[in-house]
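Novice: The sequence and its predicted three-dimensional model are supplied below.
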Amino acid sequence: MFRKILIANRGEIAVRIIRACKEMGIKTVAVYSTADRESLHVKYADQSICIGPPLSAKSYLNISSIISAAEITDSEAIHPGYGFLSENANFAEICENCGIKFIGPTSVNMNLLGNKRNARKLVRSLGIPVLPGSDDTGNDEEDIKKAAEYIGYPLILKASMGGGGRGIKMVLTPAHLSQAYHQARQEAQSFFGDKDVYLEKYCENPKHIEFQVLADRHGNAIYLGERDCSIQRRHQKLIEESPSVSVKSSARKKMGELVLKVVKEINYVNAATFEFLLDENDDFYFMEVNTRVQVEHPVTEFVTNTDIIKEQIRIANGDRLKIKQDDIKIKGHSIELRINAENPVNFKPSPGLITFYNKPGGLNVRVDDFIYCGCNVQPFYDSLIAKLIVHDTNRLGAINKAKNALNEFRIEGIETNIPFLKRILNDSDYVSGRVDIGYVQRFIER
């Protein structure tokens, strides 16, 4: 097993990885920007190295600084977490060339699946349904216009290398296409360094369903059920659940087997999440593959009793999966709520000093965070400051547990979205499961 792992990330996911490493007897190295000098992941790690100023481009996205930190500390492996460099095939390849294990898929895997246009082609060839799109056309404006006429409106423009809800533009009519095309390309270039975009037919009122996969280097692969991530605002998830109330066990098995077919076809290694839209007729349509651990991985951990971070580390170490597909049983129901530093009405970011902090407790109540009383929430990064995850024997029990936990959750000095999350948990449509990806916007507009 690895003796020392460097965590190329910050925030709650860095703390989460450090805890898993410590439980496995592995030394940890934290990297941090000057803004994060007093962050919890720096305090928890066995070693820490400053890799640059606050801006991510000069710190957490600075590949040379991160590789240098790994070499200086004799780190044998790097865990990228999510975001930042986690889906950067070039970074994974550099790690491979430097003799440092990348705790994630191979650079070849990433190149195959990281381009969402190419991923659509691949899964379609293996029998997974995809929405009509412009996969086989060019990328200039005229090609996009011709494809749009053929597919029909409404449409969605997506960045081929996109993720995290970035580089997505809705196109309702031909009159909107040109402006949306240029905006999507500009955003794609800004966030992902690649301005390629493609069209996809708009699916009205779908649910967002994703399947968690683990695969080792010896040809073994399993799926860990599904998560429902339909509660989202501007393509950013707010509440995630497992299992989904909309997915029958027969559909779970069918889609899980199709997903594993793709995994085995390309010899995929480590963790991945296959994301789908589920329409009103209960038909699945492939969206993309995330070649990393997800923010919402804890709900899957609760219902399957599987530590996904530890499994990632073991797989990267060359170990075989000890879990078989028949071992996976979905037990109870789990809900995750993202606690963001933002105004609960207008959602404006709310960085600043935390003057009081009390997190909830109780049986099967988990908080993944990186904040504490007296710490400063920085304005340079994502507004996610904590995740509340609960588990109970059924969905209603999990909702009630989440309500109680939110009532105990106290963060003062900054604003958070906790009041907004409370309102959702008390909404009859949410409680009854009548939600889709447009639910939050309709809820706000009431």
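Specialist: Happy to help now that I have it.
Novice: Contacts only, for E187.
Specialist: Contact analysis of E187 by CB atoms under 8 Å, 6 or more residues apart in numbering lists 159, 166-167, 169. Bear in mind the C-beta positions are built from the backbone N, C-alpha and C, glycine included.
Novice: I meant T416, not that one.
Specialist: 339-342, 344, 350, 385.
Novice: Nearest to D196 among those residues?
Specialist: Of all those, N340 has the smallest distance to D196: 30.2 Å, by CB to CB.
Novice: gap between the closest one and T300?
Specialist: 21 Å (CB to CB, to the nearest Å).
Novice: now do A148
Specialist: 37 Å.
Novice: These two: which has the busier surroundings?
Specialist: Using other CB atoms under 10 Å, the more surrounded residue of A148 and T300 is T300, with 26 against 22.
Novice: what about that one, is that helix, strand or coil?
Specialist: Following DSSP: H, G, I helix; E, B strand; the rest coil, we place T300 in the helix state.
Novice: What are the structural domain limits within this protein?
Specialist: Listed domain ranges for the chain are 4-103, 132-201, 207-445 (source: automatic domain parsing).
Novice: Averaged pLDDT, the longest one. What do you get?
Specialist: Summarised as a single mean, pLDDT over domain 207-445 is 97.
Novice: try stretch 147-156
Specialist: 92.
Novice: tell me which residues in it are buried?
Specialist: 147-148, 151, 155-156 (16 or more other CB atoms under 10 Å).
Novice: With just CA atoms, put that stretch into PDB.
Specialist: Extracted in PDB, the C-alpha atoms of stretch 147-156 (Å, rounded to 0.1, in the frame of the first residue of the first chain):
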ATOM      1  CA  ALA A 147     -27.700  20.400 -37.300                       C
ATOM      2  CA  ALA A 148     -30.200  22.500 -35.300                       C
ATOM      3  CA  GLU A 149     -32.600  22.500 -38.300                       C
ATOM      4  CA  TYR A 150     -32.300  18.800 -38.600                       C
ATOM      5  CA  ILE A 151     -32.700  18.000 -34.900                       C
ATOM      6  CA  GLY A 152     -35.400  20.600 -34.200                       C
ATOM      7  CA  TYR A 153     -35.900  23.100 -31.400                       C
ATOM      8  CA  PRO A 154     -35.700  23.500 -28.400                       C
ATOM      9  CA  LEU A 155     -32.000  22.600 -28.100                       C
ATOM     10  CA  ILE A 156     -29.100  22.700 -25.700                       C
END
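Novice: so how far is E275 from E240?
Specialist: 12 Å.
Novice: S107 too?
Specialist: Taking CB to CB, one finds S107 at 21 Å from E275.
Novice: close enough to count as contact, I67 and C95?
Specialist: Yes: counting by CB atoms under 8 Å, I67 does reach C95; the two are 7.4 Å apart.
Novice: out of the two, which sits in the more crowded spot?
Specialist: A side-by-side neighbour count of I67 and C95, using other CB under 10 Å, places C95 first with 24 against 20.
Novice: looking only at pLDDT, what's the mean for the one helix or strand the more buried one maps to?
Specialist: Assessed by DSSP states H and E, C95 sits inside helix 89-97. Averaging pLDDT along helix 89-97 gives 96.
Novice: Identify each buried residue in that helix, please.
Specialist: Within helix 89-97, the residues that qualify as buried by neighbour count (16+ other CB under 10 Å) are 89, 91-95.
Novice: cool, stretch 176-188 as well?
Specialist: Buried, per 16+ other CB under 10 Å, within stretch 176-188: 176-177, 180-181, 184-185, 187-188.
Novice: As TSV, the buried residues of helix 89-97 with distance to L214 would be great.
Specialist: Shown next, in TSV, are these (distance: CB to CB, whole Å):
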residue	distance to L214
A89	20
F91	21
A92	18
E93	22
I94	24
C95	20
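Novice: Kindly provide the distance from the closest residue in space to V345 that isn't next to it in sequence to L406.
Specialist: With sequence-adjacent residues excluded and distances taken as CB to CB, 6 or more residues apart in numbering, V345 is closest to F420, at 7.7 Å. Separation of F420 from L406 (CB to CB): 10 Å.
Novice: what does R395 give?
Specialist: Going from R395 to L406 by CB to CB gives 16 Å.
Novice: quick revisit: check the buried residues of stretch 147-156 against K101 and report the nearest one.
Specialist: For the buried residues of stretch 147-156, the nearest to K101 is I156 (36.9 Å; CB to CB).
Novice: Next up, the contacts around Y285.
Specialist: Contacts of Y285 by CB under 8 Å, 6+ apart are 129-131, 203, 206, 276-279.
Novice: between these, which has the most around it?
Specialist: F276 (25 neighbours).
Novice: Can you tell me the SS state at K310?
Specialist: Here K310 is helix, with the state taken from three-state DSSP.
Novice: isn't it right next to K22, touching?
Specialist: No: counting by CB under 8 Å, K310 sits too far from K22 to count as a contact (11.1 Å).
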